[in-house]
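Colleague: My questions concern the predicted model and sequence given below.
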Amino acid sequence: MPELLFLAAAGTAVLLGAVVQSSVGLGLGLVAAPVVALLDPGLMPGTMLVATAVLPVFVLAVEWRSIDWRGLVWALAGRLPGTLAGVWVVAVLDPEVLAGAVGAMVLLAVALTVRAVRVRIHRGSLLVAGLISGVTGTATSIGGPPIALLYQHEEAGRIRGTLAAYFLIGVVMSLGLLAAGGELQTAEVVHGLWLLPFVAAGFAAGRPLCRIVDAGRMRAALLAVVTVSGAVLLVQAALG
């Protein structure tokens with residue numbers, strides 16, 4: 001595929017995803033990953049992981065004071081074994097099967113939360129959310145929904161700051177273990193680096209939206225993004 005076409009299509013998707021994530025806390029992967037996978041499946045998941053590694057740095061520069069450090073530690077403790085499992089999935093299993101299962105679980109979780117089922121943030125729930133996120137984030141580059149659903153009732157800045165810290169450390173874990181397992185190719189890294197200017201532009205465009213999201217609309221926006229994430233994963237699975 002001509003590189004100019006890749007940059008135009010994938011870059012636009014990354015820019016839009018970065019706009020969403022910089023205001024809501026997640027969204028880059030769910031918007032851009034399907035586009036990159038459609039353009040060139042061989043570039044997944046490494047290209048998207050490289051692209052998503054930078055946006056949290058920008059968010060943390062603004063929201064670092066709001067991080068839930070205790071919750072972050074327990075979520076990352078679950079993320080590590082989940083990441084190892086995700087590397088195995090990339091090497092052995094059909095990623096579409098995983099995408100379909102995760103998409104169904106995400107939509108079920110959203111349906112339950114809309115009916116006022118609230119999962120408390122504690123050691124066990126953080127470990128489980130981190131574990132699931134590690135598997136899905138490494139295998140599909142979409143790992144935000146489990147953690148986002150857990151934090152949906154928190155203050156907006158706390159959600160963005162905690163998710164950004166979690167994404168930054170988690171993506172570094174995923175990239176490192178994929179590289180160690182021989183599942184990260186040079187082309188994936190190069191294409192990911194090409195997308196970084198679009199990430200920066202999306203962050204700059206999305207920050208003004210925080211005022212709108214923060215005005216009592218954070219939970220609704222978060223659930224909307226997570227619902228789209230689940231639907232995207234199901235579509236990916238169906239299309240193969």
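Modeller: The structure has been received and is ready for your questions.
Colleague: pull the helix or strand with minimum mean pLDDT from the chain.
Modeller: Among the helices and strands of the chain, helix 95-114 carries the lowest confidence by mean pLDDT, DSSP states H and E, at a mean of 69.
Colleague: can you pull out the helices in this structure?
Modeller: Listed in chain order, the helices of the chain (DSSP state H) span 3-24, 28-39, 46-52, 55-63, 69-92, 95-114, 123-140, 145-150, 156-180, 186-194, 196-206, 210-214, 218-239.
Colleague: now the second one against helix 3-24, angle please.
Modeller: Spelled out, it's helix 28-39. Calculated by axes from the mean of the first three to the mean of the last three Cα atoms, to 10 degrees, helix 28-39 forms an angle of 160 degrees with helix 3-24.
Colleague: by how many degrees do helix 28-39 and helix 123-140 diverge?
Modeller: Inter-element angle recorded for helix 28-39 and helix 123-140: 20 degrees (by the same axes, to 10 degrees).
Colleague: Centre of the chain to helix 28-39, how far?
Modeller: 11 Å (Cα atoms, centre = their mean, to the nearest Å).
Colleague: quick one: contacts of it?
Modeller: For helix 28-39, contacts defined as Cβ atoms under 8 Å, 6 or more residues apart in numbering pick out 1, 5-6, 9-10, 13-14, 16-18, 20-21, 43-45, 47-48, 51-52, 55, 137, 140-144, 191, 195, 199, 202, 225, 228-229, 232, 235-236. For every residue, glycine as well, the C-beta is placed using N, CA and C.
Colleague: Ok, the shortest one next?
Modeller: Outside of helix 210-214, the residues that reach it under the criterion Cβ under 8 Å, 6+ apart are 22, 23, 24, 156, 157, 160, 221.
Colleague: Report pLDDT for the third one.
Modeller: According to the model's per-residue confidence, residue 24 sits at a pLDDT of 86.
Colleague: which stretches of the protein aren't confidently modelled?
Modeller: By pLDDT under 70, the weakly predicted segments of the chain are 1-2, 95-96, 98-99, 102, 105-106, 109, 112-117, 215-216, 240.
Colleague: Highest average neighbour count across the helices of the chain: which stretch is it?
Modeller: Highest mean neighbour count among the helices of the chain (mean count of other Cβ atoms under 10 Å): helix 46-52, with a mean of 29.
Colleague: What's the local residue count around residue 182?
Modeller: Around residue 182 there are 9 other residues, counting by other Cβ atoms under 10 Å.
Colleague: how close does the residue nearest to residue 78 when sequence neighbours are not counted sit to residue 44?
Modeller: Residue nearest to residue 78 in three dimensions, not counting chain neighbours: residue 130, with 2.7 Å by Cβ to Cβ, 6 or more residues apart in numbering. Remark: distance between residue 130 and residue 44 (Cβ to Cβ, to the nearest Å) = 22 Å.
Colleague: cool, residue 205 as well?
Modeller: 25 Å.
Colleague: quick one: contacts for residue 203?
Modeller: Contacts of residue 203 by Cβ under 8 Å, 6+ apart are 18, 19, 22, 55, 58, 59.
Colleague: Turn these into TSV, including distance to residue 97.
Modeller: Listed next are those as TSV, based on distance: Cβ to Cβ, whole Å:
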residue	distance to residue 97
18	29
19	31
22	32
55	28
58	34
59	32
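Colleague: Just give me the closest of those to residue 166.
Modeller: Using Cβ to Cβ, residue 59 comes nearest to residue 166 of the contacts of residue 203, at 11.0 Å.
Colleague: quick one: that closest one from residue 239, how far?
Modeller: Going from residue 59 to residue 239 by Cβ to Cβ gives 31 Å.
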